[in-house]
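# Turn this into a structure:
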Amino acid sequence: MLEIIQAIVYGVIQGITEFLPISSTAHLRVIPTLFGWQDIGAAYTAVIQIGTIIAVFVYFRKDIWELIKGFFGAFKSKNFLSDSYARLAIIIIIGTIPISVLGVILKKFIEGGARGLYVIAIVAIVMAILLWISEKIGKREKGFEEITLSKGFFIGCMQAIALIPGTSRSGITITAGLFAGIQRDAAARFSFLLSIPAVTLSGFYELYQERENLIGQSKLSLIIATAVSGIVGYYCIKYFISFLKTKSNMVFVVYRIILGIVILGLLYFGVLHNMDGIH
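Below you'll find the model as predicted:
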């Protein structure tokens, strides 16, 4: 019974934190520790991440189809920038390059020293401050279909910062979108679409790398956690985008600062240790 409860909790954590700007890495490490559970490891995380990847594909299926049609249709018109979806498809492809290249170059550093909990805590706070600044100075004038090549590439470059644990991929791209003058919900929508190539490729690559470590994992636990992460992730995307149509990100700013302080406090009192859970 405990195994099923743990799987559900892991799935809920993954489904929520993958899309909200609050850092999935921090939560998947800290929350299980507070329950006295062992670290789930990279192999388990790679599998349940598939659930959230599927959630993105299902929720944005219409947008994805329009992107594909726009991209290939542009070959006929010989103009990739006039059609909004063709332009956005190009932006997503180009915007994925920085995180892909840096992910390979900095792989050892990212999986080593950068995963220390002091780094995660401090980065969580710093990114909260950046999100707060973007909320204050962002003009939020541009809609989803008005995202230009330069703005999209800027957001793509900022996405690469998410390689640092504690950043939150959605958090840094939404922050960049606000700095670029894009409306909150449009920035979130673009953020999730931009995530598709990077998250899908990294997720399946990690799954391949950790395939041998899956031998000892419970199939029932993995299935439940993956299914839960997908369902929770789908509704998280839906309500988060709806939330941003009328509300700001300030609640996440406050939450991230509290999260960073809590992690630092747990480290100080010895409840957590700096390199716990590093594989």
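
# ok, and what's touching stretch 199-218?
3, 41-47, 49-50, 52-53, 56, 100, 103, 169, 222 (CB atoms under 8 Å, 6 or more residues apart in numbering). To be clear about C-beta, it is placed using only N, CA and C from the backbone, and glycine gets the same treatment.

# Any chance of a ChimeraX selection covering the buried ones in the residues you listed?
Here is the ChimeraX command that selects the buried residues among the contacts of stretch 199-218 (16 or more other CB atoms under 10 Å):
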select :42,43,44,45,46,47,49,50,52,53,56,103,169,222
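
# Show only the entries of the contacts of stretch 199-218 found in strands.
Nothing among the contacts of stretch 199-218 maps onto strands, per DSSP state E.

# Residue 233 is in contact with residue 48, isn't it?
No. Using CB atoms under 8 Å, residue 233 is not in contact with residue 48; the gap is 10.0 Å.

# intersection of neighbour lists for those two?
residue 14.

# Low-confidence regions, the stretch 51-200 of the chain specifically.
109-115 (pLDDT under 70).

# Please enumerate the helices of it.
With DSSP state H, counting those that start in this stretch as the criterion, the stretch 51-200 of the chain has helices at 61-77, 84-105, 107-111, 117-137, 149-159, 169-179, 184-209.

# Name the stretch among those helices that sits most buried.
helix 169-179 (a mean of 26; mean count of other CB atoms under 10 Å).

# Not counting its own residues, what contacts that helix?
Outside helix 169-179, the residues that reach it (CB under 8 Å, 6+ apart) are 18-23, 127, 130-131, 134-135, 137-138, 140, 151, 154-155, 158-159, 161-162, 184, 186-188, 190-192, 194-195, 198-199, 249, 252, 256.

# what do you get for stretch 80-97?
66-71, 73-74, 77, 79, 145-149, 152-153, 155-157, 159, 190, 193-194, 196-198.

# again with stretch 232-242
11-12, 14-16, 18-20, 51-52, 55-56, 58-59, 185, 188-189, 192.

# Which residues belonging to it are considered buried?
For stretch 232-242, by 16+ other CB under 10 Å, it's 232, 233, 234, 236, 237, 240, 241.
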